[in-house]
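Trainee: This is a predicted model, with the sequence first.
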Amino acid sequence: MSELSTVSSEVTETAAPVERRLQAVLLDMDGTLIESEHLWGEAEAELVAELGGEWTGADHEANVGNAAEPVGRYIIELTGADHLTPRQVADLLYDRFRAKLEGGAELRPGAKELVTMLAGAGVPAVLVTSTERSLIETAIGGIGLESFVDSVAGDEVDANKPHPDPYLRAARRLGVDPARCVAVEDSAVGVTSAADAGCVTVAIPNHVEIQPREGVVFRESLVGIDLEWLESLVSGA
């Protein structure tokens, strides 16, 4: 082989792109990116009181991360409000929650910095939430829905969290492998959904306890999460 051929071969090898193992970061919204669980709790307590019942902290914890209709069924069983359907209760909850969001939802520490960092690094960030589409843009206004390449809402899936469908749908729409995605969640319901979908899952417990599980990494907050750490989580995928 001539000297020219050798140089040419080395240049081609050096210039070959290295595929990033981290293909996307999939982010829950309520309790993970925004501090909204207390607003849900207030809406639930007000509605239950109106229906003649009492909403306790234990009731709220039992429903953290659930979609509105399952919470509606729970409230009907709790209060005996059989004249309402779960959908009607869900709509009443959403009306109250929407009113509370008018003042804006407080962001969780490190949330905006994380989404901004991902955008700057060219890593797709997708919002995966049990909240229905009609509320997402208002709820995530402190970050901006435009900061995400896609979003999956609770009323756009066949089965909501804790089923894996929301995360599988997010990965499928991006055309990526769930095992090479990092999902970030704050509730047991969300962690089950993400982990069962095959995502590397980061749990940041907020209002409820999350049991240890293989493939789930625990952190105290979103603060300090960087690209190097996220990529290290999928290095063996």
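Mentor: Received it, and whenever you're ready, just let me know what you need.
Trainee: which sections of this protein are below the confidence cut-off?
Mentor: For the chain, applying pLDDT under 70 flags the ranges 1-19, 103, 236-237.
Trainee: where along it do the strands fall?
Mentor: 24-27, 34-35, 106-107, 125-128, 150-152, 181-185, 200-203, 216-218 (DSSP state E).
Trainee: Pull out the buried positions in the fifth one.
Mentor: Think strand 150-152. By neighbour count with 16 or more other C-beta atoms under 10 Å, strand 150-152 contains the buried residues Ser151, Val152. Just so you know, the C-beta spots here come from the backbone N, C-alpha and C atoms, and that holds for glycine as well.
Trainee: Now render the strands of the chain as JSON lines, adding distance to Pro166.
Mentor: Below are those laid out as JSON lines (distance: least, C-beta to C-beta, whole Å):
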{"stretch": "strand 24-27", "distance to Pro166": "9"}
{"stretch": "strand 34-35", "distance to Pro166": "17"}
{"stretch": "strand 106-107", "distance to Pro166": "22"}
{"stretch": "strand 125-128", "distance to Pro166": "5"}
{"stretch": "strand 150-152", "distance to Pro166": "5"}
{"stretch": "strand 181-185", "distance to Pro166": "10"}
{"stretch": "strand 200-203", "distance to Pro166": "13"}
{"stretch": "strand 216-218", "distance to Pro166": "17"}
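Trainee: Contact partners for the spatially closest residue to Leu39 that is not a sequence neighbour?
Mentor: Closest residue in space to Leu39, ignoring its immediate chain neighbours: Lys100 at 4.5 Å, by C-beta to C-beta, 6 or more residues apart in numbering. Under the criterion of C-beta atoms under 8 Å, 6 or more residues apart in numbering, the neighbours of Lys100 are Leu39, Glu42, Ala43.
Trainee: So which of the residues you listed are in helices?
Mentor: Judged by DSSP state H, helices contain the following of these: Leu39, Glu42, Ala43.
Trainee: who are the neighbours in contact with the most centrally placed residue in the chain?
Mentor: Central residue of the chain (C-alpha atoms, centre = their mean): Asp28, 1.1 Å from the mean position. Asp28 sits next to Gly65, Val128, Thr129, Ala183, Val184, Glu185, Asp186, Ser187, Gly190, Ala194 when contact means C-beta under 8 Å, 6+ apart.
Trainee: Ala170 contacts Val128, doesn't it?
Mentor: Yes - at 5.0 Å, Ala170 and Val128 qualify as touching, with contact defined as C-beta atoms under 8 Å.
Trainee: Can you give me every residue that contacts the nearest residue to Ala111 once chain neighbours are set aside?
Mentor: What sits nearest to Ala111 in space, not counting adjacent residues and going by C-beta to C-beta, 6+ apart, is Leu33, at 4.4 Å. Residues near Leu33 by C-beta under 8 Å, 6+ apart: Leu27, Leu107, Arg108, Ala111, Val115, Leu127, Ile140, Ile143, Leu222.
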